[in-house]
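> Provided below are the primary sequence and the corresponding predicted coordinates.
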Number of protein chains: 2
Amino acid sequence: MAKKNRSGCPIASGLEIVGDRWTLVVLRDMLTGKCKYADFIDSPEKITTNILASRLSQMEENGLILKREYQTNPTRYSYYLTQKGADLLPLVQSLTRWSNAHLAHTWTPPAYFMEMTPQQAAKAGANHQPDRGA
Amino acid sequence: MAKKNRSGCPIASGLEIVGDRWTLVVLRDMLTGKCKYADFIDSPEKITTNILASRLSQMEENGLILKREYQTNPTRYSYYLTQKGADLLPLVQSLTRWSNAHLAHTWTPPAYFMEMTPQQAAKAGANHQPDRGA
DNA sequence: AGAAGTCACTTGCATTTTGCAAGCGACTCA
DNA sequence: TGAGTCGCTTGCAAAATGCAAGTGACTTCT
């Protein structure tokens, strides 16, 4: 995904970061508490390993997530949302509401998800590892 | 854009319709009153003609917009939002808010845009008659 | 100890989507 | 008659995506 900055329009600029088929589904997983590579792989959409790896590094580059080493030998990382990433929650909730209203066969997420705030989501991410958030 | 229906997840399903770089910028244009081919072409992001044509037909297929003949010889169409399309307004507003908060150099849209409701947007689309003159 | 498995990726390659440029038919205007 | 506009379509190159297999550093089973 190239960073082309097509215009100063917030829609166009935002789409350069979240305007693809996968970024928001990985974000959804993180919003629901998933944080490890295998967690994302296990999701029903069956993201492939190469796409997942590239999305994770793009999301990190874009400041949406951070990775934290949780073991060495071999080094393993868990991924969690930054505030910037967690602030996409309202966007995800809007999309969910729209899909539930207009698309057949979409399941309704639990109420806690639709009522969550970005602050709670960021906190959940930050608390996931014992280390203090920056 | 394939219709793969990767899962019943409203996020994944919604992304099959709006999860690309162009659909929402065309939608933005329609939300701000544009309705003709040349209007979309003139936007600062410089969408190319083939992509625009393919997005318009996909959006029509997906029930987001309708086209209306506004002249014959040669036949010309104007495009306007259905309720389903207008209902994406909150999504677009969410994205705008996020970009304004987190992305440098994004301009803030006028207040009327951020305060508009999907009903108003749908009505504007339905009532809009394309300008014939300059 | 050796064989087999797991985990988190990377690599190679085919398919699909995007982007760019040119073309085209039906007009209008000078 | 001749150039110009409008709304596309077509052809082709470049980039993104999808699929399958491979890899290194372990762990677990036998």
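Great, that's in hand. Numbers count the residues shown, from 1 in each chain, chains lettered A, B, ... in the order given.
> where along chain A do the helices fall?
For chain A, the helices defined by DSSP state H cover A:10-18, A:23-31, A:37-41, A:49-61, A:83-86, A:89-102, A:111-115, A:118-127.
> how far away from the center of its chain is the second one?
Meaning helix A:23-31. Centre-to-centre, helix A:23-31 and its host chain are 3 Å apart (CA atoms, centre = their mean, to the nearest Å).
> which strands and helices lie in contact with it?
Counting contacts by 3 or more CB pairs under 8 Å, 6 or more residues apart in numbering or on different chains; DSSP states H and E, helix A:23-31 is packed against helix A:10-18, helix A:37-41, helix A:49-61, strand A:76-81, helix A:83-86, helix A:89-102, helix B:10-18. Every C-beta, even on glycine, is put in place using the N, C-alpha and C of the backbone.
> out of these, nearest to residue B:37?
Ranking the helices and strands packed on helix A:23-31 by their distance to residue B:37 (criterion: CB to CB) puts helix A:10-18 first, at 18.8 Å.
> which parts of that closest one are buried?
Of the residues in helix A:10-18, A:10-18 count as buried by neighbour count, 16 or more other CB atoms under 10 Å in any protein chain shown.
> got it, and stretch A:26-45?
Quick answer for stretch A:26-45 (16+ other CB under 10 Å): A:26-32, A:34-35, A:37, A:39-40, A:43, A:45.
> now it - C-alpha only, PDB.
Extracted C-alpha coordinates of stretch A:26-45, given in PDB (Å, rounded to 0.1, in the frame of the first residue of the first chain):
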ATOM      1  CA  VAL A  26      -7.100  -7.500  12.100                       C
ATOM      2  CA  LEU A  27      -8.000  -4.400  14.100                       C
ATOM      3  CA  ARG A  28     -11.400  -6.000  15.000                       C
ATOM      4  CA  ASP A  29      -9.500  -9.000  16.300                       C
ATOM      5  CA  MET A  30      -7.300  -6.800  18.400                       C
ATOM      6  CA  LEU A  31     -10.300  -4.900  19.700                       C
ATOM      7  CA  THR A  32     -11.800  -8.200  20.900                       C
ATOM      8  CA  GLY A  33      -8.600  -9.100  22.800                       C
ATOM      9  CA  LYS A  34      -6.600 -11.100  20.300                       C
ATOM     10  CA  CYS A  35      -3.000 -10.300  20.200                       C
ATOM     11  CA  LYS A  36      -0.900 -13.100  18.900                       C
ATOM     12  CA  TYR A  37      -0.100 -14.200  15.300                       C
ATOM     13  CA  ALA A  38      -1.900 -17.500  15.700                       C
ATOM     14  CA  ASP A  39      -5.000 -15.700  17.000                       C
ATOM     15  CA  PHE A  40      -5.300 -13.700  13.800                       C
ATOM     16  CA  ILE A  41      -4.600 -16.700  11.600                       C
ATOM     17  CA  ASP A  42      -7.400 -18.600  13.400                       C
ATOM     18  CA  SER A  43     -10.100 -16.000  12.500                       C
ATOM     19  CA  PRO A  44     -12.900 -17.200  10.200                       C
ATOM     20  CA  GLU A  45     -11.800 -15.000   7.300                       C
END
